[in-house]
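Asks: Dropping the sequence and predicted coords here.
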4 protein chains.
Amino acid sequence: MVDEDTSGAGRRSVGAQRSQESAEAILEAAQQVLSESGYAGFSIEAVARRARAGKPTIYRWWPSKTALLLDVYQRQKRDVVYPDTGSVEEDLFLFMVSLFRQWRETPTGNIFRSILAEAQSDPETTAALSAYSEARRQNTGQIIVRALSRGEVKAGTDPKIVADLASSYAWSHLLTDRLNENEDTIRQAVRILVHGIRA
Amino acid sequence: MVDEDTSGAGRRSVGAQRSQESAEAILEAAQQVLSESGYAGFSIEAVARRARAGKPTIYRWWPSKTALLLDVYQRQKRDVVYPDTGSVEEDLFLFMVSLFRQWRETPTGNIFRSILAEAQSDPETTAALSAYSEARRQNTGQIIVRALSRGEVKAGTDPKIVADLASSYAWSHLLTDRLNENEDTIRQAVRILVHGIRA
Amino acid sequence: MVDEDTSGAGRRSVGAQRSQESAEAILEAAQQVLSESGYAGFSIEAVARRARAGKPTIYRWWPSKTALLLDVYQRQKRDVVYPDTGSVEEDLFLFMVSLFRQWRETPTGNIFRSILAEAQSDPETTAALSAYSEARRQNTGQIIVRALSRGEVKAGTDPKIVADLASSYAWSHLLTDRLNENEDTIRQAVRILVHGIRA
Amino acid sequence: MVDEDTSGAGRRSVGAQRSQESAEAILEAAQQVLSESGYAGFSIEAVARRARAGKPTIYRWWPSKTALLLDVYQRQKRDVVYPDTGSVEEDLFLFMVSLFRQWRETPTGNIFRSILAEAQSDPETTAALSAYSEARRQNTGQIIVRALSRGEVKAGTDPKIVADLASSYAWSHLLTDRLNENEDTIRQAVRILVHGIRA
DNA sequence: ACCTAAGCGAGACGGTACGTCTCGTCTTGCG
DNA sequence: CGCAAGACGAGACGTACCGTCTCGCTTAGGT
């Protein structure tokens, strides 16, 4: 991004219009807080402090902690690669390994864990999470759809169920701090799925 | 009397002992609070109020909210059936369906969701959850172990990985409010796993 | 814009200011609690409850129970009359009697007793009380200073010592519940002091 | 012992008797706590801990913190010297100086401050303090009584009032941490009293 | 010499208050 | 008129004592 405020010396308040700078600073601060302190330290107070923003400014634009959280996730998430090697096993394996790595090595893992946590007490987040994960399964399912069209996979296989099994496996590793799972183990898991559906 | 006073500091009094009634009332109250107000309303204060117990009594026996939460779950959970029908598919299917039902129809589902949420901000809970889920996978793995000994399943199959795939599938349904998943879908998921490992 | 940014951290906003209403309500509540339940029932919690104020609001402005106590006393105390009748005996007698009456008939007596009690366990209050009583002796001493200038009193008399003797006499009556002391007795005590210093 | 078993209940055994050792240890511990931490740190818990005694043992014999406090004071107080030099001024001066010194250099000062503090919220202590201070004034008054019989002091002087003035002066110095008062100042104060009553 | 009631140290109990933290809202003055 | 700063009511946090109530033991009369 060009010309970003490196000094930290402070934004100037300019009056009546929504300050894009502020919004940006708030999202940036929220993401930093999540990265550094995780969900436990993620409080509106902490974000406001970090962003040098007033709490009401945050509440004005994000009705809840949850909304801010989701926004941060949207902002952070990079396009995950859905590989297309011609082999469903390789595709799923690469997808899984790269997802594990992304969660492990970028703030996305912490952020997503936070959203999962938040969703357990906030219905709005539950809904957002449902929609999001549904969409993700759709995407992941494309790997299977392509395999179906190649005839690599048994006709009648429901791509969503396979995608569900695969991403569930990833989630549970995220939730129980097992993102550094051995690659052999991941390959075995993927192979079970693939053998279970091969033509 | 034989002189057996081995040390001058010897304690001659043991003090009052833990009141089982209180412990019971606290666990019961904790469960009620969780059921009624969910994880969001689950505070030590609320539990103490409900149990007509003093806060220090709770803190004396449960060092953290987390510990109480885990205890509540242990208490609530009824023995899940690990069926042994002679068919690995049937076994896994029945296990999965009964787990979904238990989570759906008793407070255990909500309690476990709370624990999962808590584990995302409290490292101690993360550890406890890891240990617990590991043990559970071990149990679930028994279904596979039996199938292995029957020769129903390919030699070399790692029971833990299968159990991991199965319980991950259950977890993600719990977390995204999909416990009322269609039984056909569950069966298809199970079948994929089973076909993936059959001899 | 003229460059008057004297420090990089220059504050450009002052934030909300102290609510005079709250301060008033808190002092009022504190006084009520003291009047009704005495020092024993005087807790920050009770004051907050009565004032419908948050505890942090109290702690923000009064660092300790003590500080609040002193403020309540300052607020309550009406100007004590230091009479100037031209007779040192009459002046001291009227002062003493009016002080006894104020302590007896207004909450000030109980409040001051509380401060004396608090000062015995809290060093900060001890210091505040010392400063306060020193100032009071200074005031009371004016009666003697005037008498000195009239030549009514022996040259070289230290006004502070006389004031000390007089107010000590009042304190000890307050502390041992003898504020309804016979006026004749008070007059005799005053007379001893006055005869002891007359020219 | 005469037969006074009036009830049919026929309890014959009187059980174990009060342990003098425990009582002693408790009083000793209480005194130590008061000396070291003052009234602020004087809690039943602290005393029990220090005495290696159970709290109920304390409550069995001393119904309240106050009662224990008074007992400690009774135990500690040494006979104060009421000098008899033939000069009322010298007698009062020596009495005052030795009282200041005792309070300054032994735990009695702290203990008496504690009682004064306690008396401000506990009526029972107020009563005990009143009775005690009355008796003390009686004693101190003996100095005046002797002076009266020597004709050193004006007939009609009320010894109690003089004693009241003197001990009030001492109290207020104790309460405001002025026990290290200059001896000249003390002498001046005493001289005022003595001149005020001389024949 | 046994019995047994009471005293004992230890400590758990239901409570209250402590002083701190964060929540989400409200208020003030700057720009 | 939107912003930062921050005060506010509310209420949970985890701790210290309160005064009461068991526990098992020790102890010392009375029989």
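Replies: Yep, that arrived.
Asks: Can you check what pLDDT the model gives residue A:150?
Replies: Looking at residue A:150, its pLDDT is 94.
Asks: hey, which helix is longest across chain A?
Replies: Counting residues, the longest helix in chain A under DSSP state H turns out to be helix A:123-150.
Asks: chain center to it, what's the gap?
Replies: Taking C-alpha atoms, centre = their mean, to the nearest Å, the mean C-alpha location of helix A:123-150 is offset from the chain mean by 13 Å.
Asks: That one and chain B, are they touching?
Replies: Yes: Helix A:123-150 comes into contact with chain B (C-beta under 8 Å from any C-beta of the partner chain), by way of A:126, A:129, A:130, A:133. In this view, the C-beta of every residue, glycine as well, is placed from N, C-alpha and C.
Asks: Over to stretch A:85-95?
Replies: No: Stretch A:85-95 is not in contact with chain B by C-beta under 8 Å from any C-beta; minimum separation 11.1 Å.
Asks: For that stretch, C-alpha coordinates in PDB please.
Replies: Only the C-alpha atoms of stretch A:85-95 are listed here, as PDB (Å, rounded to 0.1, in the frame of the first residue of the first chain):
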ATOM      1  CA  THR A  85      -2.700 -31.300 -10.300                       C
ATOM      2  CA  GLY A  86      -4.900 -33.800 -12.000                       C
ATOM      3  CA  SER A  87      -4.800 -36.000  -9.000                       C
ATOM      4  CA  VAL A  88      -7.500 -35.700  -6.300                       C
ATOM      5  CA  GLU A  89      -5.200 -37.100  -3.600                       C
ATOM      6  CA  GLU A  90      -2.500 -34.600  -4.500                       C
ATOM      7  CA  ASP A  91      -5.000 -31.800  -4.700                       C
ATOM      8  CA  LEU A  92      -6.500 -32.500  -1.300                       C
ATOM      9  CA  PHE A  93      -3.100 -33.100   0.300                       C
ATOM     10  CA  LEU A  94      -1.700 -29.800  -1.000                       C
ATOM     11  CA  PHE A  95      -4.800 -27.900   0.000                       C
END
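Asks: Over it, what's the mean pLDDT, rounded is fine.
Replies: Stretch A:85-95 carries an average pLDDT of 96.
Asks: Just the buried residues of it, please?
Replies: A:88, A:89, A:90, A:91, A:92, A:93, A:94, A:95 (16 or more other C-beta atoms under 10 Å in any protein chain shown).
Asks: Looking at the residues of helix A:123-150 next to chain B, which is nearest chain C?
Replies: For these, the closest approach to chain C (C-beta to the nearest C-beta) belongs to residue A:126, at 32.0 Å.
Asks: Next, count neighbours for that closest one.
Replies: 20 (other C-beta atoms under 10 Å in any protein chain shown).
Asks: before we move on, what about the one 4 residues further on?
Replies: Residues lying near residue A:130 (other C-beta under 10 Å) number 15.
Asks: Now do the contacts for it.
Replies: Applying C-beta atoms under 8 Å, 6 or more residues apart in numbering or on different chains, one finds that residue A:130 lies in contact with B:176, B:177, B:178.
Asks: elements contacting the helix or strand harbouring residue A:189?
Replies: Here residue A:189, judged by DSSP states H and E, is contained in helix A:183-197. Applying 3 or more C-beta pairs under 8 Å, 6 or more residues apart in numbering or on different chains; DSSP states H and E, one finds that helix A:183-197 contacts helix A:88-105, helix A:159-175, helix B:159-175, helix B:183-197.
Asks: So which bits of the worst-scoring helix or strand of chain A on mean pLDDT are buried?
Replies: Across the helices and strands of chain A, mean pLDDT, DSSP states H and E gives its lowest value to helix A:65-76, namely a mean of 82. Neighbour-count burial for helix A:65-76 flags A:65, A:66, A:67, A:68, A:69, A:70, A:71, A:72, A:73, A:76 (criterion: 16+ other C-beta under 10 Å).
Asks: do the helix or strand containing residue A:58 and DNA strand F meet?
Replies: Remark: residue A:58 resides in helix A:55-61, with elements defined by DSSP H and E. Yes: between helix A:55-61 and DNA strand F, judged by C-beta under 7 Å from any atom of the strand, the touching residues are A:55, A:56, A:57, A:60.
Asks: sorry, back to before: so can I have JSON lines of the helices and strands packed on helix A:183-197 showing distance to residue B:122?
Replies: Conversion of the helices and strands packed on helix A:183-197 to JSON lines gives the following (distance: least, C-beta to C-beta, whole Å):
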{"stretch": "helix A:88-105", "distance to residue B:122": "19"}
{"stretch": "helix A:159-175", "distance to residue B:122": "13"}
{"stretch": "helix B:159-175", "distance to residue B:122": "17"}
{"stretch": "helix B:183-197", "distance to residue B:122": "31"}
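Asks: Below-threshold pLDDT in chain A: ranges please.
Replies: Within chain A, the stretches with pLDDT under 70 are A:1-19, A:78-79.
Asks: separation between the residue of it found nearest DNA strand E and residue A:56?
Replies: Residue of chain A nearest DNA strand E, by C-beta to the nearest atom of the strand: residue A:43 (2.6 Å). With distances taken as C-beta to C-beta, to the nearest Å, residue A:43 is found 15 Å from residue A:56.
Asks: Looking at these two, which one has more neighbours?
Replies: residue A:43 (12 against 9).
Asks: distance of the more buried one from DNA strand F?
Replies: 11 Å (C-beta to the nearest atom of the strand, to the nearest Å).
Asks: check contacts around that residue.
Replies: residue A:65.
Asks: what does the one 3 residues further on give?
Replies: Contact analysis of residue A:46 by C-beta under 8 Å, 6+ apart lists A:33, A:37.
Asks: about what we covered before: residues in contact with the helix holding residue A:58?
Replies: A:18, A:22, A:23, A:26, A:44, A:45, A:47, A:48, A:51, A:68.
Asks: if we go to 10 Å?
Replies: A:13, A:18-19, A:22-23, A:25-26, A:29-30, A:44-45, A:47-49, A:51, A:54, A:64-65, A:67-68, A:71 (C-beta atoms under 10 Å, 6 or more residues apart in numbering or on different chains).
Asks: ok, now which ones touch the residue of chain A found nearest chain B?
Replies: Distance from chain B to each residue of chain A (C-beta to the nearest C-beta) is smallest for residue A:196, at 3.1 Å. Residue A:196 makes contacts with A:153-154, A:157, A:162, A:165, B:165, B:188-198, as judged by C-beta under 10 Å, 6+ apart.
Asks: any chance you could read off phi and psi for the residue of chain A closest to DNA strand E?
Replies: The phi/psi pair for residue A:43 (degrees, to the nearest 10) reads phi -120, psi 150.
Asks: do you know how far it is from residue B:121?
Replies: Distance, residue A:43 to residue B:121, by C-beta to C-beta: 11 Å.
Asks: Give the intersection of the neighbour lists for the two.
Replies: Counting by C-beta under 10 Å, 6+ apart, the shared contacts of residue A:43 and residue B:121 are residue A:37.
Asks: thought residue A:187 was touching residue A:195?
Replies: No: judged on C-beta atoms under 10 Å, residue A:187 makes no contact with residue A:195 at a distance of 12.0 Å.
Asks: which residues do the two both contact?
Replies: Taking C-beta under 10 Å, 6+ apart as the contact rule, the neighbours common to residue A:187 and residue A:195 are residue A:89.
Asks: Any idea how many residues pack against the one residue in chain A that gets nearest to DNA strand F?
Replies: Residue of chain A nearest DNA strand F, by C-beta to the nearest atom of the strand: residue A:54 (2.9 Å). Neighbour count of residue A:54, defined by other C-beta under 10 Å: 14.
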